[in-house]
Each structure stands twice: as C-alpha cells, then as structure tokens.
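Trainee: kindly generate the corresponding structure for this input.
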Amino acid sequence: MRDKKYLKYIALALALIFLALLVVAVLIPATSIYQEKTDKSPEKNLTDISENSGFCGKINILATPDIHSHLFSMSENDTGSRIGRISALADKLGEDNPDTLYLFAGDLGEGNFYNKYNGIPEITAYTMAGVDAAVPGNHAFDYSADFFKFWALNSSYPLICANIDFSDTALNETVKDYTIVNAGSAKVGIFGIITPQLEKYVTDTDGIFLYKDTKDLSESVVKKLQHEGCDVIIALSHQYGDEDEELAKSVSGISLIVGGHDHLSWNKTVESRDGNQTLIVHSGKYGEEISRISISFENGTQTNTNIERYEITEDLPDDSSVTSYVMPYYYEYTESLSEPVGITTVPLDATYETLRNGESNAGDFITDTITKNIYGSEIALINSGSIRGDYTIPAGEISYLTLTTLLPFENMIVNLEMSGSDIKDTLERSASALKGQNDEFESDERTPKGGFLQVSGVHFLINTNSEPFRSDPVNGSVLSYGNRIENLSVVTDEGIIPIDLKKTYTVSVNNYLAGGGDGYSNLAEIADDRKYNTEINLINLLADEIGTNSPITPVTDGRIVVF
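Mentor: Model prediction:
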C-alpha cells in the first residue's frame, strides 16, 4: 500500500509539471526573431545522394533585384514605363523560352506608394513580366508581417526563403523553403535566403522567426533538392556580398547564387569546400538593368558561364499591357502630390555615395529641420538608409512628391533622453559602417551602410584607421566599443563646446532607429520613461519648413569629417 501511495504522489507531481510546461508554452508569445530551426537539420537518408546528376545542356537565368517600387515612367516625356521595358526586354532575352528562368532577389517595394496600395501593383506587374520565383527582401517587412501577408498571398509565382518562418499558418505555407522548376531539360532547384541581419532592418518582428545559421540550413536544403533529382541548384538570396561569398565557400552543390540587397552590379566565382565553382551575380537596383546568366554543363559539371548586362533605358521597347496596368496607380497617387511646396536655390545631394560615407547637405537640412522645429531637441540622428532616391535633387521647385521619394518610410520623430556617453556610443556604431584602409570588414559584426548617421547638433571627426565598433551577430553582445569618434562636440547657444559625457541631452531620432533598426539595439533598450514619440511625421515637418522658409539654401558645415 505504501508503494502505491508513493506512485500516486509521483503521478500527481508529473501531471503538475506537465500542466506547468503546457501553460508556459501557451503564454510565451512567439515574437522572437531568432530561433533554432531543428526541424531543418540534414536528414540521414539524404547524406549519400550523389551531387553529380550527369546533366548535359545549358540554362539561362534573368535577374533584376531591388526594384523598390520603381515601376513607372523614367522622365516626364516618357510614354512607357520602367517595368514595361523590363517586361519587354525579358521577353526578348528569352523569358518565354523553356530553358530560361526569371528570378527576383528581393525588395519589391518600399515607401508611401508601396504602403498605400499594399504591394499589389508591384507583385502584379512582376507577375505580368514573367517572374518564376522570388525571395522576400527586408523591405517586405517594413509594415509588419500582416502587411507582407496581404500581397504575398496574391503572388502567382513562388515566394521562397529557407531561413524564415511565420506564426501565421497561411503565410508559412505560402513562403516555402524552395521550389523546383524545369529549364529546358534541366530540373532546377531554387531555394531562398534572406540576410541573417534582418533584425537590423525590421522593428516589428511579431510573428516572424528568422534563423541565422544559413550554412546548416542551406546544406539541408541542397541535400533535399539533390534527393529530389535536381540537375542544377540555385540560391536566390537577399543579403550582402560577403554573406553570399561565405555561403558559396561553405556549402557544396550550389551552381549559382543570384543575389540582391547591396544595390551593386558585380559577379564573382567562388570555390566551395569540395573544390566546385559557384558563380555569384548581383544586378544593381531600381530596375536599372537586367542580367542574363548562361551556364553550360557536361555530365553534371559546370563547364562555362557567360554574363550579359542590359541597361534599362527609355529607348527600349515597352510592354504596353504592363504599362497600362501600373500607370493608373501612379497617376492617382501623384495627382495631389505634384504641387510645389517651395524652392531650393542649390542642388540637394541625396546620393547614397555621399549620404552613406559622410556629411551631405540633404542630410544636414533634414536633421537641422528636426532640431529647429521639435520642442526640446538638441541633437538629431537620422540613418542614411531612411533617405532614399539616390540622386541629386536639382535647384528649383520642390514638390511634396519629391519629398516622399526622399523620405519614403513615413517615419515619426521620437525624442530620447541620452547621456553624452550614450551619444558617443551611438556615433561609434555609425562610424563602424565605414571601411577604412586595410580594414577587415565583417559586415555582420558592424552597422550596415544604410545605418551611417546624418546628424545635427554635434560635430566630430571619424578616424577610419582606428578600431571600429563590433557586436556579436548572434547574441548582440558588444565585441568592441570602438574608438573612431574624435573631438566630439555639441552645438549650443554659446557656440560649439566639447560634449559632457555625463550630461543628459534630448536626442531626436526616427521611430525606426528608436526601435533598434539598423542594429542600434542601444536605442531600443532606452527605458520608456526616457522615450517620447512626438507623433510628428518627418515628411510633413520638412514640407512645412521648406514652405515657410523658401527659398532654402542648404550647405554643409564640416560637422562630420572623415579621414
């Protein structure tokens, strides 16, 4: 009887433990952006599959990444559209041919237009252009997973990404790890990879699960595709070039990586760990070009590659059906936005080359507008990646539409209470985005290029020969606080004076940075009682400043000196 009594108590204890574990599992929200993807480890029964299929023949791949909603006419006199010409050129290059695939490497849309129409014009236009598969880019999540779901479920081509999952069942079933398609006589397996640095770009991570170990995941997917008899395996990626190179070096069996995200045009052949060659191709931004990649095989071995790049210009033929679809959206969107709000007497330099490497008169004007008009603001910090267009706004009239191109993300201004020491730490993070001479640049440990800050209220030097800020890409712990920022001073009514590292300053940032965007986790960690959302839209603030003080003449003043 005593034994039975003990067994009863043991059973009761086990039941209580099980119940507690069940409650914990239900109550903990699925909001973490990083998880272990144990269900995608390589399967034992796939490890003996041969990597050599014996395929003989040639396939062609068309690529145009990072369109960022640049669908429309290319000038005021243009009767066609950029996406119409992309579609027509894709047809000419053989998009309809059985041996040709058209792949899109992420960032279909961004900004106000993308937000207004929920991405539907972009996804439909690229469907009409003949895209066969796409990987989501980081801008797919600018407005939450639910926003992405709206257009993802309307996609008629496969959306693929092996290192991301969602708590939403329908969305999780829509975004597959890979797809298998035919290109002529070749069976082609295509899997998607998004940058493991996604947390630096996405502030609303609710329901998104990102897996950073792209090497193991890719090895697993490659094994599965080989098991399914694929002759050719392609990785469709949206990540920086060094991340693509590491993927090519560490994972065997990938013939081609079609990449995006860095907005650059380049290609490189990398030797994988088994001695095979993997070709990496990136094809610029904004639909400015189409790349055609031709790869020949003999008995499963890649024997020849050829890359042709075609610039999209106004003198190219136009696909009128695609243009007729997208332009009404554009006319409706721009009708009320084209009236001038003011005049600039000088060009505004909003090129990425300037904004992401040093001081810009456009960056100075935007941040000075904040410190001038936001109550209490002493310092303003704006990530260069939030300033778009990548062009110089000419002297003359400025419309609201121009401002929405310049600042497409509808950011709000947030005031933070920060010590001088906190400000220096933030600027060290910004300075790590720059590559110095003989600088070993590990992109996943440093701030991305778009995270370089335009500033107001401070002056400083950046010594790129000094140690940069670095953080662990897995857990975010600081590896080096950096010592690139020199002569840090603040602008006061009495003049420019050295910063007091112990004093508290009111620092204005956009809501993206306040939420930890671009890797500024230190800003996200600031306590709520030291954060205040002004609910002032930066575009409207800029429009009011230009309208009230027109004409404007923004100039640089040496507040950021890089050497």
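Trainee: contacts for the strand or helix carrying Ala248, please.
Mentor: Counting by DSSP states H and E, the element that carries Ala248 is helix 241-250. Residues outside helix 241-250 that contact it (C-beta atoms under 8 Å, 6 or more residues apart in numbering) are 193, 195-196, 214-215, 218, 235, 237, 254, 257, 259, 262, 264, 266, 268, 270-273, 278, 280, 282, 441-444. Glycine gets a C-beta too; all of them are placed from N, C-alpha and C.
Trainee: so Gly260 touches His282, yeah?
Mentor: Yes: between Gly260 and His282 there is a contact under C-beta atoms under 8 Å: 6.5 Å.
Trainee: touching both of the two, which residues are there?
Mentor: Pro65, Ala105.
Trainee: okay, the two: which has more neighbours?
Mentor: Applying other C-beta atoms under 10 Å to Gly260 and His282 shows that Gly260 carries more neighbours, namely 30 against 26.
Trainee: what sits against the more buried one?
Mentor: Listed by C-beta under 8 Å, 6+ apart, the contact set of Gly260 reads Pro65, Asp66, Ala105, Gly106, Asp107, Val135, Gly137, Ser237, His238, His282, Ser283.
Trainee: gap between the helix holding Ala248 and the chain center?
Mentor: Offset of helix 241-250 from its chain centre (C-alpha atoms, centre = their mean, to the nearest Å): 17 Å.
Trainee: what lines up beside the helix or strand that comes right after it in the sheet?
Mentor: Sequence order places strand 256-259 as the next helix or strand after helix 241-250, per DSSP H and E. Applying DSSP bridges, strand 256-259 is found paired with strand 232-238 (parallel), strand 277-283 (parallel).
Trainee: okay, the ones you listed in a markdown table with distance to Ile343 and mean pLDDT next?
Mentor: What follows is those, written out as a markdown table (distance: least, C-beta to C-beta, whole Å; pLDDT from 0 to 100):
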| stretch | distance to Ile343 | mean pLDDT |
| --- | --- | --- |
| strand 232-238 | 39 | 97 |
| strand 277-283 | 37 | 95 |
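Trainee: tell me the most buried of those strands?
Mentor: Mean neighbour count (mean count of other C-beta atoms under 10 Å) peaks for strand 232-238 among the strands paired with strand 256-259, with a mean of 28.
Trainee: that strand to helix 241-250, inter-axis angle?
Mentor: 150 degrees (axes from the mean of the first three to the mean of the last three C-alpha atoms, to 10 degrees).
Trainee: off-centre distance for strand 232-238?
Mentor: 17 Å.
Trainee: using PDB, write out the CA atom coordinates for that strand.
Mentor: The C-alpha trace of strand 232-238 is given here as PDB (Å, rounded to 0.1, in the frame of the first residue of the first chain):
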ATOM      1  CA  VAL A 232      21.000  22.400 -61.100                       C
ATOM      2  CA  ILE A 233      20.700  24.100 -57.700                       C
ATOM      3  CA  ILE A 234      20.400  27.900 -57.400                       C
ATOM      4  CA  ALA A 235      20.400  30.000 -54.200                       C
ATOM      5  CA  LEU A 236      18.200  33.100 -54.600                       C
ATOM      6  CA  SER A 237      19.500  35.500 -51.900                       C
ATOM      7  CA  HIS A 238      18.800  38.900 -50.400                       C
END
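Trainee: quick one on the thing from earlier: pull out the buried residues from the helix holding Ala248.
Mentor: Gly241, Glu243, Asp244, Glu245, Glu246, Leu247, Ala248 (16 or more other C-beta atoms under 10 Å).
Trainee: and that helix, C-alpha only, in CSV?
Mentor: Coordinates of each C-alpha in helix 241-250 appear next as CSV, following Å, rounded to 0.1, in the frame of the first residue of the first chain:
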residue,chain,number,x,y,z
GLY,A,241,28.0,40.2,-50.9
ASP,A,242,30.3,38.9,-48.2
GLU,A,243,27.4,36.8,-46.9
ASP,A,244,26.9,35.3,-50.4
GLU,A,245,30.6,34.6,-50.6
GLU,A,246,30.6,32.8,-47.3
LEU,A,247,27.6,30.8,-48.4
ALA,A,248,29.3,29.8,-51.6
LYS,A,249,32.5,28.8,-49.8
SER,A,250,30.9,26.8,-47.0
